[in-house]
Structure formats: structure tokens, C-alpha cells
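Undergrad: Please work out how this folds:
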Amino acid sequence: MLNPPFRGPRERVAGLCHLARLLDKIRLHHLGQLPEEYHPNFGLSVGLDGHLCGFLGVGFDELCERVRQGGADEEIAGWCFARGLRTNKVQRRVWNEFARKLGWNDRATDFIAKVRREDGMLDDSGIVTAFDTIDRREGRLPGLSADA
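TA: Next up, the predicted model:
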């Protein structure tokens with residue numbers, strides 16, 4: 001899919017990668033407008049959505065309910081910090097580096113390889129992380145995309 005109706009994983013809210021994307025996906029899901037191809041991994045506990053909720057100490061369902069109530073990104077991030085972990089600069093750096101490298105020599109490596117095979121990116125050695133895969137599929141990185 002090129003140009004999905006939400007932000008990429010590298011875009012930050014409250015200094016955290018993936019939070020902007022997660023909030024966009026939740027909002028679209030509530031409206032019934034999240035593209036079908038994103039449903040299988042939406043909120044998955046072993047994916048970026050679940051890892052971020054776990055890091056913040058908030059349940060995915062709780063976050064979905066809070067997003068449903070409305071509010072700006074920073075306001076919802078503040079709610080997360082009040083309920084769970086109020087991140088400091090070092091914690092944000094740790095999360096961002098973990099998220100940025102997810103799929104590179106860890107438990108997500110096999111999943112990333114599966115997606116690369118499905119998308120015909122097997123020969124693309126530059127795609128090794130979840131962020132790389134997402135950005136390539138959604139047209140933010142040059143080369144193959146899911147629509148190619």
C-alpha cells in the first residue's frame with residue numbers, strides 16, 4: 001500500500017517513535033477506515049503496537065478506549081504517562097532504538113523475512129527491521145512496495 005492514511009513508524013509523539021502511527025491506526029479503526037491489510041497485526045502483543053503499550057504500561061484496549069474519547073496526540077500521550085510510565089530522555093532513547101531495530105537479529109527476524117518473501121523483497125538486504133519493512137511497503141523508501 002502506498003501512502004496509507006497514517007504516519008510512518010519513525011514519526012514521533014512525545015518523543016516516542018511509533019506512537020503517532022499507533023494513534024492514527026486506532027482512530028481509523030474506530031471509524032471503520034483502517035485498511036484491511038493492517039487488521040491482522042493491529043494491536044498484536046508481539047508487534048510494535050503491543051510492545052509500545054507494554055513499554056508505556058498501558059493496555060492496548062485501554063488506549064483504544066482513551067483514543068475513542070478524543071483529544072490531541074500530546075493529550076493522549078499525557079494520559080499514557082499518567083497511567084503508566086512517565087518516560088524520561090533515556091527511556092525514550094531506549095524505546096526508540098529498540099523499536100527502530102526490531103526485526104534485526106531478534107524474535108521478529110523470522111516474521112520480517114516472511115513479509116520480505118511475500119512482498120518479493122528477499123533480495124533486498126537493506127530491509128532488515130520492522131521500520132524498514134513498513135516504510136518500504138508504504139512507499140517511504142525507494143524500491144519495491146506492496147503495490148509494485
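
Undergrad: Could you spell out which stretches of this structure belong to which domain?
TA: Domain ranges of the chain: 1-101, 107-148, per automatic domain parsing.

Undergrad: And these, which one averages the lowest pLDDT?
TA: Ranked by mean pLDDT, the domains of the chain end with domain 107-148 at the bottom, a mean of 76.

Undergrad: can you give me the offset of that one from its chain's centre?
TA: Mean C-alpha position of domain 107-148 versus that of the full chain (Cα atoms, centre = their mean, to the nearest Å) differs by 14 Å.

Undergrad: about what we covered before: okay, the domains of the chain in CSV with mean neighbour count next?
TA: Bear in mind the C-beta positions are built from the backbone N, C-alpha and C, glycine included. Listed next are the domains of the chain as CSV, based on neighbours: other Cβ atoms under 10 Å:
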stretch, mean neighbour count
domain 1-101, 16
domain 107-148, 16
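
Undergrad: The chain: helices as residue ranges?
TA: Taking DSSP state H as the criterion, the chain contains helices spanning 19-30, 48-56, 60-68, 73-83, 89-101, 109-118, 130-137.

Undergrad: on contacts alone, who are the packing partners of the fourth one?
TA: What it means is helix 73-83. Secondary structure elements in contact with helix 73-83, counted by 3 or more Cβ pairs under 8 Å, 6 or more residues apart in numbering; DSSP states H and E, are strand 12-13, helix 19-30, helix 60-68.

Undergrad: Wait, Glu62 touches Arg83, no?
TA: Yes: at 7.4 Å, Glu62 counts as touching Arg83 under the criterion of Cβ atoms under 8 Å.

Undergrad: Specify the residue positioned farthest from the middle of the chain.
TA: Asp123 (24.1 Å; Cα atoms, centre = their mean).

Undergrad: gap between that one and Val115?
TA: Remark: distance between Asp123 and Val115 (Cβ to Cβ, to the nearest Å) = 14 Å.

Undergrad: One more: Leu141?
TA: Relative to Val115, Leu141 is positioned 14 Å away (Cβ to Cβ).

Undergrad: ditto for His39
TA: Relative to Val115, and taking Cβ to Cβ, His39 is found at 15 Å.

Undergrad: Fine, thanks again, bye for now.
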